[in-house]
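J.: Can you look at this prediction? I've put the sequence above it.
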Number of protein chains: 2
Amino acid sequence: MARLPLYLRALTALSERSVPTVSSEELAAAAGVNSAKLRKDFSYLGSYGTRGVGYDVEYLVYQISRELGLTQDWPVVIVGIGNLGHALANYGGFASRGFRVAALLDADPNVVGSTAAGLPVRHMDELEEIVAGQQVSIGVITTPPGAAQQVCDRLVEAGVTSILNFAPTVLTVPDGVDVRKVDLSIELQILAFHEQRKAGDEPSAGDSVLDRAPGPVRAAAAKLRRAAGGAKSEQAKATPAATGTDGEMSAVMPA
Amino acid sequence: MARLPLYLRALTALSERSVPTVSSEELAAAAGVNSAKLRKDFSYLGSYGTRGVGYDVEYLVYQISRELGLTQDWPVVIVGIGNLGHALANYGGFASRGFRVAALLDADPNVVGSTAAGLPVRHMDELEEIVAGQQVSIGVITTPPGAAQQVCDRLVEAGVTSILNFAPTVLTVPDGVDVRKVDLSIELQILAFHEQRKAGDEPSAGDSVLDRAPGPVRAAAAKLRRAAGGAKSEQAKATPAATGTDGEMSAVMPA
DNA sequence: CCATCTTTGTGCACACGTTCACAAACGCAT
DNA sequence: ATGCGTTTGTGAACGTGTGCACAAAGATGG
């Protein structure tokens, strides 16, 4: 379940405030999900809350951490030390969750040798040695799109079995290797899409092509509009904390 | 539809190679989705491909760009010019898709006045003026988590109606404002989760809590394992290009 | 002009995730 | 001890998204 990290974050926040127990309702609100969904998720874990009371915060934190594998440390290599690579190397959220940057790698001789986040940038050719020596199983790709597949192949060859890809490319990997893709510009495009709709479907010439099309097409356009925009107005009702679930798919996905 | 940006990327790649038409099958492979799904998506757009031939690349590019609102330019402000803010300011994928960085903002006097990606970093207090003056409707938050809600409120107050949040916090916004959240550490956690499973469910003492629980709980654990790990082995079969759809939810979501 | 081949568009069924609603369980006060 | 309020765990219905499979439609060659 990909919601576990969400719960974990909310739970650690509670834990820091020394809250002993939470009801599913409270925790669901904090995580921005439905309470029934949360209870069902926890039931899959087999984790027992106590009826009439709620869930023990510490116990849940421990249990979810275990389930996510956060009790062991995960060495990761970051390949491509440009702006994004720098940012990720410095990102505090990694270290605090058991992810240790094993090495920063780049192919550019000008970059190799410099330091980022206190770590030296090493050359790509050391990849195999590092991966093998430190048992690295997770790689992060922050190279330009052109180099991504090549880097990916090399990571896989070296023994990496999970890849987080920030390059805007569809990576091809053999069976048994997981790839997750984060595309920053897609996120903005989705926002722009909604924004355009909010702007009232364009007053003048800049109209959506759909609205200039003949009969059946316009109907389809209206349908699409309901599907995306209509649902939103329902979910976003004045909602204070739980800005919950809309049906919009995400731009982050496997491969 | 959140898949449109994916299609668009694949299509622009084809367009640059001067490919006149594509079949749904080809394009689907390039985008990593099912061909039927792609055809259905396009049918919602009302866009007509020609049977026996395929879709006209240029026409589709134009149409999808229009639908996504990429034909107009979208000024965005980036608040919080740390490592991530820097990276985003330099990110090429934005400018190439109609997103223009209207301003970089930060509250830290030490940062204000420096330049990033050729733009001066200005003080938070200029936010309202900038948003109003340049009609900014999209804001990006790359501040530390503690400041995120505060910044968010101010953005909304100033007139921003779409927010891309990189801070690991659940933002509370009034109705009518869209929030998308990108949490980099969650992506890694999900990879670690899969990685742990691949490692053969722990040989010795570091076992998942699930496996030490009594009967019914273990059954549930097995069920969970099938749900997440089992499905994967099905989808990832030697797959060359289409590493397609697994059921895994994403870490990027509204609010 | 007709036959054939390719590719779209879509009806249908299935499977999944989500949500509701309720019964069983637990604490607590009387 | 017993009843009451609270909260979990889950069975069942619902909606949605996905994928299959096929018919309609256009192009192409004879």
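T.: Arrived safely.
J.: Name the next helix or strand downstream of the longest strand seen in chain A, please.
T.: For chain A, the strand that runs over the most residues, judged by DSSP state E, is strand A:99-106. Moving toward the C-terminus from strand A:99-106, the first helix or strand encountered (DSSP states H and E) is strand A:115-116.
J.: partner strands of that next one, parallel or antiparallel?
T.: Within its sheet, and counting by DSSP bridges, strand A:115-116 is paired with strand A:119-123 (antiparallel).
J.: what's next to the strand it pairs with, contact-wise?
T.: Residues outside strand A:119-123 that contact it (Cβ atoms under 8 Å, 6 or more residues apart in numbering or on different chains): A:81, A:89, A:101, A:103-107, A:109, A:111-115, A:130. Any C-beta I mention is one placed from the backbone N, CA and C, and that applies to glycine too.
J.: Quick one: mean pLDDT over it.
T.: For strand A:119-123, the mean pLDDT works out to 97.
J.: quick one: it to chain centroid distance?
T.: Its chain's average C-alpha position is 26 Å from that of strand A:119-123, according to Cα atoms, centre = their mean, to the nearest Å.
J.: buried set for that strand?
T.: Within strand A:119-123, the residues that count as buried by 16 or more other Cβ atoms under 10 Å in any protein chain shown are A:121-122.
J.: which is the next helix or strand following it?
T.: Stepping forward along the backbone from strand A:119-123, the first helix or strand reached (DSSP H and E) is helix A:127-134.
J.: what's the angle between that next one and strand A:99-106?
T.: Taking axes from the mean of the first three to the mean of the last three Cα atoms, to 10 degrees, one finds helix A:127-134 and strand A:99-106 inclined to each other by 160 degrees.
J.: Check which helices and strands helix A:127-134 is in contact with.
T.: Contacting helix A:127-134 under the criterion 3 or more Cβ pairs under 8 Å, 6 or more residues apart in numbering or on different chains; DSSP states H and E are the following elements: strand A:74-79, strand A:99-106, helix A:145-158.
J.: is any part of the first one close to chain B?
T.: It refers to strand A:74-79. Yes. Applying Cβ under 8 Å from any Cβ of the partner chain, one finds strand A:74-79 touching chain B at A:74, A:76.
J.: just for the stretch 151-255 of chain A, where's the confidence low?
T.: Counting by pLDDT under 70, the low-confidence segments of the stretch 151-255 of chain A come to A:200-255.
J.: coming back round to it: filter the contacts of strand A:119-123 to the buried ones?
T.: Buried subset of the contacts of strand A:119-123 (neighbour count, 16+ other Cβ under 10 Å): A:81, A:89, A:101, A:103-107, A:111-112, A:130.
J.: Distance from the chain centre to stretch A:78-98, please.
T.: 14 Å.
J.: So which bits of it are buried?
T.: Of the residues in stretch A:78-98, those with enough neighbours to count as buried (16+ other Cβ under 10 Å) are A:78-91, A:93-94, A:97-98.
J.: quick revisit: out of the helices and strands packed on helix A:127-134, which one sits most buried?
T.: The highest average neighbour count among the helices and strands packed on helix A:127-134, using mean count of other Cβ atoms under 10 Å in any protein chain shown, belongs to strand A:74-79 at a mean of 24.
J.: elements contacting it?
T.: helix A:83-90, strand A:99-106, helix A:127-134, strand A:138-141, helix A:145-158, helix B:184-198.
J.: Quick one: neighbours of residue A:55, just the number.
T.: 24 (other Cβ atoms under 10 Å in any protein chain shown).
J.: so what's it up against?
T.: A:21-24, A:27, A:42, A:47, A:49.
J.: What does the pLDDT read for it?
T.: pLDDT, residue A:55: 97.
J.: hang on, the earlier thing: the helices and strands packed on strand A:74-79: which one's closest to residue B:62?
T.: Shortest distance between residue B:62 and the helices and strands packed on strand A:74-79, using Cβ to Cβ, is found for helix A:145-158: 22.7 Å.
J.: any idea how far the closest residue to residue A:22 other than its chain neighbours is from residue A:20?
T.: Of all residues beyond its chain neighbours, the one nearest residue A:22 is residue A:54 (5.2 Å), with distances taken as Cβ to Cβ, 6 or more residues apart in numbering or on different chains. Between residue A:54 and residue A:20 the distance, using Cβ to Cβ, to the nearest Å, works out to 9 Å.
J.: Which one of these two is surrounded by more residues?
T.: Under the neighbour definition other Cβ under 10 Å, residue A:54 and residue A:20 were set side by side, and residue A:54 has more, 18 against 11.
J.: what is the more buried one paired to in the beta sheet?
T.: When bridges are called by DSSP bridges, residue A:54 pairs up with residue A:50.
J.: close enough to count as contact, it and residue A:28?
T.: No. Under the criterion of Cβ atoms under 8 Å, residue A:54 makes no contact with residue A:28, lying 11.4 Å away.
J.: Surely residue A:1 and residue A:43 touch.
T.: No. With contacts defined as Cβ under 8 Å, residue A:1 does not count as touching residue A:43, sitting 11.4 Å away.
J.: more crowded one of these two?
T.: Under the neighbour definition other Cβ under 10 Å, residue A:1 and residue A:43 were set side by side, and residue A:1 has more, 21 against 13.
J.: Once you drop chain neighbours, what's closest to the more buried one?
T.: Closest residue in space to residue A:1, ignoring its immediate chain neighbours: residue A:41 at 5.6 Å, by Cβ to Cβ, 6+ apart.
J.: OK, contacts around that neighbour?
T.: Contact partners of residue A:41, counting by Cβ under 8 Å, 6+ apart, are A:1, A:3-4, A:7.
J.: what residues does the longest strand of chain A touch?
T.: Contacts with strand A:99-106, where a contact means Cβ under 8 Å, 6+ apart, come from A:73-81, A:85, A:89, A:94-95, A:112, A:116-117, A:119-124, A:126-127, A:130, A:134, A:136, A:138, B:185, B:188, B:192.
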